[in-house]
Each structure stands twice: as structure tokens, then as C-alpha cells.
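A.B. asks: below: sequence and its predicted model.
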Amino acid sequence: MKRVITYGTFDLLHYGHINLLRRAKEQGDYLIVALSTDEFNWEQKQKKCYFSYDQRAALLEAVRYVDLVIPEQSWDQKRTDVHEYHIDTFCIGDDWEGEFDFLREEGVEVVYLPRTPEVSTTQIKADLNGNL
Ligand code: C2G
């Protein structure tokens, strides 16, 4: 059983997120998503989510590729998460290329997956705010 983990906010869940989750699951047999909490989003990423943590978690739990959702509460929990959850592979979009290579020191494969270029939560919000 190859176990994969990825991290993110996943607000206004869209097909770019789904593309990422599908390819992350293809890396193994069991996919854990560490979902940024509302506090972590605001304090560490200055992101104000449209959907709350619970709403974002419910959406992710309905995605066929996702096996478990856990909270992401800090940048540095990754180093312990990979041991606590017996992770084989860490995946994330290539907008983070190189940022998490240190996880290789923990014996974890690190995979950066190409982002889906034309869609983003920021653009969706801009379009819906009348910039269509
Ligand atoms: N993503 C993608 N294509 C898009 C948009 C997002 O592949 N068009 C990917 C991102 O690269 C990321 C995941 O979907 O792997 C979730 O994206 P965000 O919610 O924007 O996550 P982010 O804010 O990058 O949080 O500790 C890591 C952070 O929590 C990552």
C-alpha cells in the first residue's frame, strides 16, 4: 500500500485541483490531503477562504481520489506528518518546485506536478466580481 500526501487550501474546488488530486492518487494507492485550516490560511497565507475548513473538507471527502483529509495547521508539520502517516510520496503542484525537497531527507519521494495553467481560485473570484 503506497501512501501519498498533498497539502493545500482547495477553496472554490475546481478542475485544476481535481487534476492535481487525480495525478497525486496515481502515484500510489492511498491519498491523504492535508487541508489548510482557516487560521493557517489567514495567518500564514493571507488567504480569506470563501468556504470554511469544514465545507472544504466535505468537498474533498466527496472526491473519489481522496482517502483521508487532515488539517494543515503549520508549514513545518510536513516533516512529522510523513512519519506519522507512513508516507511514501509527497506531491504538490510545480508552483512549489523545490520548496519541499527537504522531505527527501525523511525518506519520502517528492513529486512536483504541473499545474493546470488556465484556472485558479483567484481568477474565478475576479471573473465573478464583474471582470468577465
Ligand atoms: N493547483 C493546480 N492547478 C491549479 C490550481 C492549483 O495544480 N490551476 C494545485 C496547487 O499546485 C496545489 C493544489 O492544487 O498543489 C492546491 O492549490 P491551493 O489550494 O492553491 O494550495 P496552496 O495555497 O498552494 O497550498 O503547505 C503547502 C500549501 O498548503 C499549499
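C.D. replies: Looks like it came in fine.
A.B. asks: who in the protein is up against the ligand?
C.D. replies: The chain comes close to the ligand at residues 7-10, 16-17, 20, 36, 45, 72, 92-93, 95, 115-116, 119-120, as judged by CB under 6 Å from any ligand atom. Heads up, the C-betas are built off the backbone N, CA and C, glycines and all.
A.B. asks: let's go with 5 Å and repeat that
C.D. replies: Within the chain, the positions lying close to the ligand (CB under 5 Å from any ligand atom) are 7-10, 16-17, 20, 36, 92-93, 95, 115-116, 119.
A.B. asks: for the closest residue to residue 15 other than its chain neighbours, helix, strand, or coil?
C.D. replies: Leaving aside its sequence neighbours, residue 15 sits nearest to residue 119 (CB to CB, 6 or more residues apart in numbering; 6.3 Å). Secondary structure assignment for residue 119 (DSSP: H, G, I helix; E, B strand; the rest coil): coil.
A.B. asks: dump the residue contacts of the nearest residue to residue 88 once chain neighbours are set aside.
C.D. replies: Nearest non-adjacent residue to residue 88, counting by CB to CB, 6+ apart: residue 2, 4.9 Å away. For residue 2, the contact set (CB atoms under 8 Å, 6 or more residues apart in numbering) comprises 27-30, 88-89.
A.B. asks: ok, residues contacting stretch 101-117?
C.D. replies: Applying CB under 8 Å, 6+ apart, the set of residues contacting stretch 101-117 from outside is 15-16, 19-20, 23-24, 27, 78-79, 82-83, 87-98, 100.
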